[in-house]
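Visitor: Provided below are the primary sequence and the corresponding predicted coordinates.
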Amino acid sequence: MKFTLLGTGNSAMLPVYGCECTACRRAMDEPKYRRNKTSAMVQNNGKTLIIDANLPNLLERFPPKSIDRILLTHYHMDHVHSLFDLRFGFFRTQEERIPVNGPHDSLGCDDLYKHPGLLAFQPPFKPFETFEWEGIRITTLPLNHSKPCLGYVFEWQGRRLAYLTDTFGLSELAQNWLKMNPVEWMFIDCGYPPQAFRGDGAVRNHSTVEQILAIKKECQPVKVGLIHIGHELENWALSQPDCFSENLFLAQDGLCVTLQSDNQSGICSVI
């Protein structure tokens, strides 16, 4: 099983338009530090599943018939806007439409439900629902966000990887599930630096560094990669490099994790 982060940024991405902070200047000067909106891809048995659809070049990156399934975490525009282009794709039969799964949200996003085109929306998932895709066991976890939102845990041959974006910490139920089903890799939303750096402003919808450290201690994942990153968190991380290690790190666009059948895993960057 191969898991790839297509994007790791928040809705403003990196560099932020018009910003000249240290993190944004670095991203302008060095493309490897740029961040697209957070989304991911899973590949197994020659099939491809994408989680959220927000790459600006989605139609170029994924030629016709190369996407076999789409999982949505939620229906905020910054996670689904590429669906509005994808839905106008040509299909000859109903079998050529792309199955799309996500949480129960009666509003969805704009008119996607009304005019789905190439997209075949499936019955919504419930929290803690488990299903199979290409030999991978996938479980949905409820997340804390302003719209109904789901995270996904992928289990392949006893190895687990959690993808938990757009969440303000984790509920007790989600943490208990993760303690009962330990994950090797956890990619999780971290939108805010520590309070000493960010000040006393309100935080909501996205996790703080303090929450991530508490989740790491409670759930004991082997490796934690931070996603949905904005320039404030990036600037703090640049000033605090000792806070990070190979087991707690800021994930980058293109990071690829492979889970192998011999109980080995690898990590590499892809273009």
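Guide: Everything's here; your move.
Visitor: C-alpha from now on. contacts and neighbour counts both.
Guide: Noted.
Visitor: quick one: the helices in the stretch 101-250 of the chain?
Guide: Secondary structure of the stretch 101-250 of the chain (DSSP state H, counting those that start in this stretch): helices at 172-180, 195-198, 209-219, 231-239.
Visitor: check these for me: which has the lowest mean pLDDT.
Guide: Lowest mean pLDDT within those: helix 195-198, a mean of 92.
Visitor: distance to Arg87 and mean neighbour count added to the helices of the stretch 101-250 of the chain, as JSON lines?
Guide: Converted to JSON lines, the helices of the stretch 101-250 of the chain look like this (distance: least, CA to CA, whole Å; neighbours: other CA atoms under 10 Å):
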{"stretch": "helix 172-180", "distance to Arg87": "33", "mean neighbour count": "14"}
{"stretch": "helix 195-198", "distance to Arg87": "40", "mean neighbour count": "12"}
{"stretch": "helix 209-219", "distance to Arg87": "36", "mean neighbour count": "16"}
{"stretch": "helix 231-239", "distance to Arg87": "32", "mean neighbour count": "17"}
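Visitor: which stretch among those approaches Asn144 most closely?
Guide: helix 172-180 (10.0 Å; CA to CA).
Visitor: secondary structure class for the residue sitting furthest away from the middle of the chain?
Guide: Using CA atoms, centre = their mean, the residue of the chain lying farthest from its centre is Arg92. It sits 31.2 Å away. Here Arg92 is recorded as coil under DSSP: H, G, I helix; E, B strand; the rest coil.
Visitor: am I right that Lys126 is in contact with Pro148?
Guide: No. Counting by CA atoms under 8 Å, Lys126 stays clear of Pro148, with 10.4 Å between them.
Visitor: shared neighbours, these two?
Guide: Here Lys126 and Pro148 have Pro103, His104 as joint contacts, going by CA atoms under 8 Å, 6 or more residues apart in numbering.
Visitor: and Arg34, how many neighbours?
Guide: By other CA atoms under 10 Å, the residues close to Arg34 number 21.
Visitor: quick one, what contacts it?
Guide: Per CA under 8 Å, 6+ apart, neighbours of Arg34: Met13, Leu14, Pro15, Ala27, Met28, Asp253.
Visitor: cool, Phe128 as well?
Guide: Phe128 touches Thr139, Thr140, Leu141, Pro142, counting by CA under 8 Å, 6+ apart.
Visitor: tabulate the residues you listed (a markdown table), appending neighbour count.
Guide: Output for the contacts of Phe128, formatted as a markdown table (neighbours: other CA atoms under 10 Å):
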| residue | neighbour count |
| --- | --- |
| Thr139 | 20 |
| Thr140 | 25 |
| Leu141 | 27 |
| Pro142 | 22 |
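Visitor: closest to Leu118 among these?
Guide: Nearest to Leu118 among the contacts of Phe128: Thr140, at 24.4 Å, using CA to CA.
Visitor: pLDDT score for the closest one?
Guide: On the pLDDT scale, Thr140 is placed at 98.
Visitor: next one: Gln260
Guide: 82.
Visitor: Gly201 too?
Guide: Confidence score, pLDDT, at Gly201: 85.
Visitor: tally of neighbours for it?
Guide: Using other CA under 10 Å, Gly201 has 7 neighbouring residues.
Visitor: try Pro127
Guide: 18.
Visitor: and the gap between it and Pro142?
Guide: 5 Å (CA to CA, to the nearest Å).
Visitor: which residues do these two both contact?
Guide: Leu150.
Visitor: which one is Gln252 nearest to, not counting chain neighbours?
Guide: Thr8 (6.1 Å; CA to CA, 6 or more residues apart in numbering).
Visitor: where along the stretch 1-150 of the chain do the strands fall?
Guide: 2-7, 39-44, 47-51, 69-71, 98-101, 119-121, 130-133, 136-142, 150-156 (DSSP state E, counting those that start in this stretch).
Visitor: list the contacts for Gln211?
Guide: Neighbours of Gln211 in contact, by CA under 8 Å, 6+ apart: Gly169.
Visitor: low-confidence bits of the protein, can you list those?
Guide: The chain contains residues with pLDDT under 70 at 262-271.
Visitor: tell me, how many residues neighbour the residue lying closest to Asn10 once chain neighbours are set aside?
Guide: Spatial nearest neighbour of Asn10, chain neighbours left out: His228 (4.5 Å); criterion: CA to CA, 6+ apart. Number of residues near His228 (other CA under 10 Å) recorded here: 31.
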